[in-house]
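Trainee: Here you go, sequence then predicted model.
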Amino acid sequence: MAQQFSWSDEKIIVTANGTKNTLLHVENIFADRWDELAQTIFWQKIMLLSPDTCIINVASTRQILGYMSVKKWASQSEIEKAAYKTAIKSANNIPFEEQLYITTGKNDFYKFRDVFNSLSRGLATFEKNGVDPWYAQSILLIESPGQLKKSVAGAYGAFQLMPSVARKYGLTVSETNDERADFEKSAGAASKLISSVCIPEAKKILARHKIDVNETELWFRLFVMHVYHAGAANVSAVVDKIAPRVGAQDLITKMWVTSAASFGNNSQNYSQLILAAQIILNNMIYTECDDLISCSSK
């Protein structure tokens with residue numbers, strides 16, 4: 001069994017350009033070898049790749065088959081694209097019925113350096129509210145990193161809260177005043193959503209399948225994040241379809257390839273993105289920061 005961590009065990013203080021930030025390390029990702037999964041490797045490449053380049057990959061496994069400029073791919077006819085996909089499947093012994101994705105680089109969206117200094121603030125707000133700060137770090141890294149953008153669905157702010165959720169937890173959302181843009185208020189609302197809805201609903205779903213949980217285990221945290229993103233009803237539907245007997249990594253990886261209700265491709269990707277982003281953050285810490293102190297060793 002992988003080593004269990006508490007919040008304090010995971011805390012590290014890093015110094016970059018003279019500024020100190022309290023973050024959480026990601027050693028549990030490496031302990032259970034989440035970093036070696038094809039999906040995690042794939043999304044790291046996408047997050048660091050320019051949007052003018054795309055990766056040809058197997059939809060079900062995220063196996064990378066090749067790279068191409070977006071301009072070149074777009075210039076081909078549909079017949080040429082189909083012929084290319086058939087040829088590359090054959091060359092890599094991929095079954096004909098497997099679906100291929102053409103996924104463009106997204107380093108224009110995942111601005112990890114821009115979000116870096118806000119991580120410590122997010123962690124502090126969550127911890128002040130008695131909520132696992134790991135969730136703050138994960139959400140900030142992938143939802144709207146270093147920028148304030150409104151999603152197609154209407155989510156907004158650093159924690160990408162929907163208007164109804166923000167109002168439920170006391171934020172004003174109107175045409176003239178949208179407090180989701182306020183980092184501290186948005187963080188507070190997100191922490192309350194995690195503690196009062198996402199974690200209890202995650203436990204309820206797993207209890208129906210007689211699965212016990214440890215709230216600091218990585219697989220459970222990822223499961224909670226699926227509830228945060230897709231909603232409890234959709235997560236419940238996909239878990240019922242899987243019908244697991246135990247939790248752990250196996251449940252999460254099965255969720256990556258299983259659809260049910262409105263739990264589709266975007267929902268499947270969510271925890272994969274979290275893992276990839278946390279690993280990229282880890283690499284930044286160890287290659288770009290001037291100093292690192294483990295709080296558990298102080």
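Mentor: That came through, no problem.
Trainee: okay, CA-based contacts and neighbour counts for the rest of this
Mentor: Fine.
Trainee: what does stretch 235-253 rub up against?
Mentor: Contacts of stretch 235-253 with the rest of the structure, by Cα atoms under 8 Å, 6 or more residues apart in numbering, involve 205, 209-213, 219-220, 222-223, 226-227, 254-255, 258-261, 263.
Trainee: tell me how far it is from the chain's mean position?
Mentor: If you compare the mean C-alpha spot of stretch 235-253 with that of the full chain, they lie 18 Å apart, counting by Cα atoms, centre = their mean, to the nearest Å.
Trainee: how about it: buried residues?
Mentor: Within stretch 235-253, the residues that qualify as buried by neighbour count (16 or more other Cα atoms under 10 Å) are 235-239, 247, 249, 251-253.
Trainee: State the mean pLDDT of it.
Mentor: Averaging the model's pLDDT scores along stretch 235-253 yields 97.
Trainee: So what would you say the end-to-end distance of that stretch is?
Mentor: Stretch 235-253 stretches 14 Å from its first residue to its last (Cα to Cα, to the nearest Å).
Trainee: ok, of the contacts of stretch 235-253, which come out buried?
Mentor: By the neighbour-count criterion of 16+ other Cα under 10 Å, those include these buried positions: 205, 213, 219-220, 222-223, 226-227, 255, 258-260, 263.
Trainee: Can I get these in TSV including secondary structure and distance to residue 23?
Mentor: What follows is those, written out as TSV (DSSP: H, G, I helix; E, B strand; the rest coil; distance: Cα to Cα, whole Å):
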residue	secondary structure	distance to residue 23
205	helix	30
213	coil	24
219	helix	20
220	helix	20
222	helix	18
223	helix	21
226	helix	22
227	helix	23
255	helix	28
258	coil	33
259	coil	34
260	strand	35
263	strand	31
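Trainee: Show me the contact partners of stretch 255-275.
Mentor: Contacts of stretch 255-275 with the rest of the structure, by Cα under 8 Å, 6+ apart, involve 29, 34-35, 39-40, 43-44, 60, 138-139, 141-142, 222-223, 225-226, 229-230, 234-235, 237-239, 241-242.
Trainee: The same query, at a cut-off of 6 Å, please.
Mentor: 40, 138, 222, 234, 237-238 (Cα atoms under 6 Å, 6 or more residues apart in numbering).
Trainee: And stretch 201-218, by the same measure?
Mentor: 224, 236, 246.
Trainee: swap the cut-off to 8 Å and go again
Mentor: By Cα under 8 Å, 6+ apart, the residues outside stretch 201-218 that reach it are 4-6, 28-29, 220-221, 223-224, 227, 232, 236, 239, 243-247.
Trainee: how about the residue lying closest to residue 88 once chain neighbours are set aside, what does it touch?
Mentor: Distances taken as Cα to Cα, 6 or more residues apart in numbering put residue 65 closest to residue 88, at 7.2 Å, once the chain neighbours are dropped. If a contact means Cα under 8 Å, 6+ apart, then residue 65 has 55-58, 88, 92 as its contacts.
Trainee: Ok, residue 166 next?
Mentor: 172-173, 180, 186, 189.
Trainee: From residue 126, how far out is residue 82?
Mentor: The span separating residue 82 from residue 126 equals 48 Å under the rule Cα to Cα.
Trainee: Would you mind telling me which of these two has the busier surroundings?
Mentor: The residue with more neighbours, out of residue 82 and residue 126, is residue 126; 25 against 11, by other Cα atoms under 10 Å.
Trainee: Distance check, the more buried one against residue 119.
Mentor: Going from residue 126 to residue 119 by Cα to Cα gives 11 Å.
Trainee: intersection of neighbour lists for those two?
Mentor: Taking Cα under 8 Å, 6+ apart as the criterion, residue 126 and residue 119 both touch residue 136.
Trainee: pull the longest helix from the chain.
Mentor: Across the chain, the helix with the greatest residue count (assigned by DSSP state H) is helix 265-288.
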